[in-house]
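>>> would you be able to build a 3D model of this:
(3 chains)
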Amino acid sequence: MVSSRVIRNLKKEFRQSGLAKLGLALVVLITLTAVFAPFIAPHNPTDQQLDQSELPPIGFSQTEERTSSQMVDGEIQTVTEEVEISAEPDHVFGTDGLGRDMFSRVVYGARTSLVVGVLGTLLAASIGVPVGLLAGYHRGRVDDALMRIADISLAFPSLVLAVALIGLWGRAAVNVPDPFVVAGLAPEMPESFVLPITVVIVVGLVNWVWFARVARGEALSLRGQEYVKASRALGANDNTIILRHIFPNAITPIIVLGTVQVAAIILLESSLSFLGFSGTTLSWGFDIAQGRDYVSSGQWWIASIPGVAIMLSVIGINLLGDWLRDALDPGIEGEGGAA
Amino acid sequence: MSLGRFALKRSLQGIGVVWGVVTVVFALRFVTPGSPINAVAPLDASQETRQAIAAELGLDQPLYVQYGQYVFELLQGDMGRSYIRGQDVTTLVFERLPATVELAVAASVVAIALAIPLGVISATRRNEPVDYGATLLSLGGISTPNFWLGIMLILIFAVEFNIFNTSGRGVDVGDVALSVINAEPFVGTLLTWLAYITLPAIALGTYFMALITRLTRSGMLDELSKGYVQAARAKGLPQTLIRYKHALRNTLIPVITVLGLQLGTLIGGAVITEAVFSWPGLGTLVIESINQRDWPALQGSLIVIGTSFVLVNILVDVVYAYLDPEVVTD
Amino acid sequence: MSDAERTDEPAATDGGGTGDAFGSGDAAPTGTPAAGDVLSVRDLSTRFFTEEGQINAVESVSFDLREDEILGVVGESGSGKSVTALSLVDLVETPGRITAGEVWYRDPDLAEEFRGNGDVRVDGDHVDLRTVPPRVRRSLRGPSFSVIFQDPMSSFNPSITVGEQIAEAVEVQRRARANPRSTRSRTQGYGLGKYLLDGIVPGRDYTSEESMERAVELLGQVGIPDPEERVDEYPGQFSGGMLQRAMIAQALAGEPDVLIADEPTTALDVTIQAQILNLLKEIQADRGMSIVLITHDLGVIAEMCDRVCVMYAGEVVERGTLDSVFEDTVHPYTQGLLGSIPDVDDPRARLEPITGNVPSLLDAEMGDRCYFADRCPKAMEACLDKPPETTVDAATGHGAKCVLADREYDPADALPDGYFDAGPGDAAAPDEEAATDGGEGE
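Below you'll find the model as predicted:
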């Protein structure tokens, strides 16, 4: 399973690769941000302060035309004046159109991305891996059926299918109480985390087929191995063989695929939020959609900053995946990285 | 087995998959809460009105009859009538399809044309600045959400520099071709076409460029370390032939398979790119149909998308078989 | 003799003046190449610069290859014999690099071309290939040197027909003859533009009809039945033996002076091995070329070779005519190799394997002693200094890099058992932390 040789390869590859170190650093940073969001965010990300809206990030200023009506000599005149809006030290990344603090929203957005990415991947793996292992091990009809289902499933682009399913099933969300806030450690912050449960289920359902393909391939090659043949000859039953011999030896490519899938699902989640098919409004994709309306009027930061956050997290996870792949060499180049 | 027979065999398998696609799309309606009648009937409709609508839409029939009828009509090219637009769905879908195909083809052509040379250069100049540049570029490319990239392109090229159009399609590629025949200003038409398609094509193509660069690079590195490359050097073969005829050809064989699998990503990417650039393609239609619960239009779009995927993958497999003769001989 | 002196004395050795310069107790060939030598290698060193450190794969190797002879190079895997072969044809790839040495190749035309060129060392008809521009070395692959690799399956591109791959080798030479200048450029007159043009324009291709016909002819000559049909088959459709014949056909395409056969039969069945070896012998007799035969199999050497070099840890440790090395073996390593072969006449005799493993060749772990001392059953105090190569018999060119070349084994001087167990150069020590200090010289 995870032998000392594997650990040694991981360490060696890590020492040699600057990119692997960068990847791990980014992933650790984002995970810590997501977990300790209530302590990192300076403001409640959902608090609207309309008098503080559209503030630029620190280091930038914005000129804006304001039109107002004035009584001049008994007549109403419209006066247009250039107003210089400067950054507030309180809002590092500025504020959005409703005066919400962008930095806090980026911090909280990490929670949504990471939770959906990880839970979606776990769901996809827990469907795909058993199906793939069974099909690859038993071959024959089960396998044929799986391959046909996989073909059909692949014919629908995951984003299109996800949009269709969420659009039709509704955008259900569950409020998960935030333990830090409940414990009174961060009283200003939102009391609960909104988990877009439909999104999690749908991304899991849409991406299971990648896990099934990889698990099937591994099972197919492992079933011919001598030690598997030997235990079959000794009368071990099929389920025992799959659990004891096939699964532990197929775990490496599954882990590598899982890493890539977390990145893919984060991208998928942001796309869904962007299109308005999500159950939460605290999401990077959602913020980009909001910021899009401000692009032509000059408030570039509202759409830009959350995108950088997505990019950095996905780069981090992809680098981590590259590191695992280079160190473990599971031979699944190019599988499953889909947005 | 000849290449022709191989193509035929794959086509027959493809028909099976398309049938599966149709069935899944049909079944989608029955795993969805709420009756389709709600999309059509007024909120305060009486029971009688609702039944009349159901009868008109054929929704009162048993499931297998509805299914049989749907497949039967589909075989005749009839996908029903849009609930909302009152238009024939087949017409509607095939009106939108060319725009999506044009966008997807433009994006992939640019992606492939840039990515393969970049991947080759990166592999043959390993650990040189070019290689580092290409590696970082492709890492960024596979990690950037395309809708965000689209917005950033709009921000830079349309808002700041006002070079490109950011919304709609302008003219289609057919107009550009026709302008030559009709003696219209060709360059002007071409520029208009480019003004509209450039940004969406870049936004959609970047991910693929990055992906193909990565695959080509690692594939080339793998191939160049193989025995036959050393043997080719030993027999004095020119470097061009070693790299392109021998190594690149073998590299492209697996790259093509991955591209076939990633075609869904391309179409999915097109959907969201269309949303960003208001590109009047199938993706926009899918999203509108979902929001309006326009079942016939949604089903029609999904079937066309699924079928295109299957068709292109058959094509990919045949190209694969042409490049790698062992596939056919097996 | 300095390099400058040699270049300043053109044609001084014409007519075989110096001959093999054995003398002063040093058996390794030194000095200028003799007229009868197709190839004279002097002090060739190839190193690999890896993450783990510098690996001395080839360590100051010298030998001569005479006209029409088969020279055997024998050693265990990891002894540097294959890297030596690759170094001859300049096919060592990064992180490997040829760091020193001379490769004198006899080619009157080439010598004429570079005579008087200050950068290139020329001596009579011989040119030191290490000093000529890389493009010239590249142009010699095919018409001067050909290589037969160990594994025919991996040495052919699986997705191109065997015939076309041989035709390519023919075409390289055809084009080189038609336009000699172009063979000197990086792309040999065949750049990306031409390749794309040939790909797009129907009927155009790199290989010509003519070279395809020659490929059929060559396949026939190496004993492949129905060559007209087999040219269009893919390597996967050939058996290992047939494919090795095809590789020999490919190697003959340029009618080379020197054929380097790197373990040509190792990947084949025993019955096929003999056929391939016979084929090589026939070809050598028919065409009069020189062959460097690299193998770990002393049986093959005994069958095929005129002279033999035994390699260990990147060095030539014993050399001479076949008989002198096999009959009057000096080096305990060679004795060990011979002792590991079953004797048909005395099946009851115990095989005596050499204990231990080939050293790692890591520069840091090599030390200055005889590299074989840690495995040598006759290791003595004297072995803690690096022995020079010493002539055993000048008449047969027999020499050995061993203290036993000019003295007898004296058990009184023997090193105690386990002397090297914790010392440097011990390949068995797996940990990086293992001490690299201490050990020799008390």
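>>> could you list the low-confidence segments of the chain?
With no chain named, the answer covers chain A. Applying pLDDT under 70 to chain A picks out residues A:1-3, A:329-339.
>>> please go with chain B instead
For chain B, the ranges with pLDDT under 70 are B:1, B:34, B:39-40, B:42-43, B:183, B:325-330.
>>> got the contact list for the residue lying closest to B:Ile305 once chain neighbours are set aside?
Of all residues not flanking B:Ile305 in the chain, B:Ile267 sits nearest, at 5.8 Å (Cβ to Cβ, 6 or more residues apart in numbering or on different chains). Glycine gets a C-beta too; all of them are placed from N, C-alpha and C. Taking Cβ atoms under 8 Å, 6 or more residues apart in numbering or on different chains as the criterion, B:Ile267 is in contact with A:157, A:160, B:100, B:104, B:283, B:305, B:308-309.
>>> repeat for C:Gln284
C:Gln284 makes contact with C:68, C:70, C:259, C:291 under the criterion Cβ under 8 Å, 6+ apart.
>>> most neighbours, which of those?
Ranked by neighbour count (other Cβ atoms under 10 Å in any protein chain shown), those have C:Ile291 at the top, with 26 neighbours.
>>> still on that earlier bit, now the residue nearest to B:Ile305: which helix or strand?
Applying DSSP states H and E as the criterion places B:Ile267 in helix B:263-277.
>>> now the element after that helix, going C-ward?
Helix B:263-277 is succeeded, C-terminally, by helix B:282-292 (DSSP H and E).
>>> between the helix or strand that comes right after that next one and helix B:263-277, how big is the angle?
Using DSSP H and E, the helix or strand that directly follows helix B:282-292 along the chain is helix B:295-323. Orientation of helix B:295-323 against helix B:263-277 (axes from the mean of the first three to the mean of the last three Cα atoms, to 10 degrees) gives an angle of 130 degrees.
>>> now render the contacts of B:Ile267 as a markdown table, adding neighbour count.
Formatted as a markdown table, the contacts of B:Ile267 follow (neighbours: other Cβ atoms under 10 Å in any protein chain shown):
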| residue | neighbour count |
| --- | --- |
| A:Pro157 | 28 |
| A:Val160 | 25 |
| B:Thr100 | 26 |
| B:Ala104 | 24 |
| B:Gly283 | 29 |
| B:Ile305 | 27 |
| B:Ser308 | 18 |
| B:Phe309 | 24 |
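>>> report the contact partners of residue 198.
In the absence of a named chain, this looks at chain A. A:165-166, A:169-173, A:279.
>>> that's the wrong chain, I wanted chain C
Going by Cβ under 8 Å, 6+ apart, C:Asp198 touches C:204-206.
>>> from those, which is closest to C:Val61?
Nearest to C:Val61 among the contacts of C:Asp198: C:Tyr206, at 36.4 Å, using Cβ to Cβ.
>>> quick one on the thing from earlier: among the contacts of C:Gln284, which are in strands?
Per DSSP state E, strands hold the following members of the contacts of C:Gln284: C:70, C:259, C:291.
>>> which of those sits closest to chain B?
Using Cβ to the nearest Cβ, the shortest approach to chain B within the ones in strands among the contacts of C:Gln284 belongs to C:Leu259, at 11.1 Å.
>>> my guess is the closest one contacts C:Gly288. True?
No: look at C:Leu259 against C:Gly288 with Cβ atoms under 8 Å: they stay out of range, at 11.2 Å.
>>> quick one, what contacts the closest residue in space to A:Leu114 that isn't next to it in sequence?
Distances taken as Cβ to Cβ, 6+ apart place A:Ala34 nearest to A:Leu114, at 4.5 Å, with adjacent residues excluded. Counting by Cβ under 8 Å, 6+ apart, A:Ala34 touches A:110-111, A:113-115.
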